[in-house]
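In: Pasting a predicted model and its sequence here:
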Amino acid sequence: WSSLLARMSGQDDVVIGTPVANRQRTEVEALIGFFVNTLALRVRLDSDPTVAELLAQVRTSTLGAYEHQDLPFEQVVDVLKPARSMSYSPVFQAMLTMNNTPVSAGGGLQGLEISPLGQSGGTTHFDLSLSLTERGDVITGQLDYASDLFDATTMERLAARFEV
């Protein structure tokens, strides 16, 4: 994703946001609620890395970010002090989400029936957001984008290039 975004944007320094469940403490594992934090993953392509070098860089960056996933994203923003605007996210404008949570009937909660809710759509929080979902041997994706920045044809090309 970062390599494609770098190529398409002409940038060699890309920061991508990714959510983490933030449930590594045993006292919150059984609680119901939204404990998600966002990590900012920086990928540099200025040295024209090989695929192996790029994967190693992303692995190192991701593992380093996971070591500090308890630090709230808002505190990262406070330390970085980026230029702020209400029209875009302060550290990154592209999000990548991977949902590989096993699906269990009732979510493991006795006596409850759980069904997915449709998304309201119409707005996005980021310029680009790629959400991937893993179900067995299949990964499906959904690409959301800011329609004031991109048109459907451009996003179809981006999705096709990502698939390749």
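Out: Done, it's in. Residues are numbered from 1 along each chain as shown.

In: now the one helix or strand residue 59 maps to: mean pLDDT?
Out: Under the criterion of DSSP states H and E, residue 59 resides in helix 51-67. When pLDDT is averaged over helix 51-67, the result is 93.

In: Any stretches of this protein with poor pLDDT?
Out: For the chain, the stretches flagged by pLDDT under 70 are 22-24, 28-29, 33-34, 102-109, 119-122.

In: What residues of the helix holding residue 59 count as buried?
Out: 54, 57, 58, 61, 65 (16 or more other CB atoms under 10 Å). Backbone N, C-alpha and C define where each C-beta goes, glycine included.

In: I'd like to check which residues are in contact with the last one.
Out: The one in question is residue 65. Neighbour list for residue 65: 39, 40, 41 [criterion: CB atoms under 8 Å, 6 or more residues apart in numbering].

In: now with 6 Å?
Out: Remark: with contacts taken as CB atoms under 6 Å, 6 or more residues apart in numbering, residue 65 is in contact with 39, 41.

In: ok, now how distant is it from residue 40?
Out: Taken as CB to CB, to the nearest Å, the spacing of residue 65 relative to residue 40 amounts to 7 Å.
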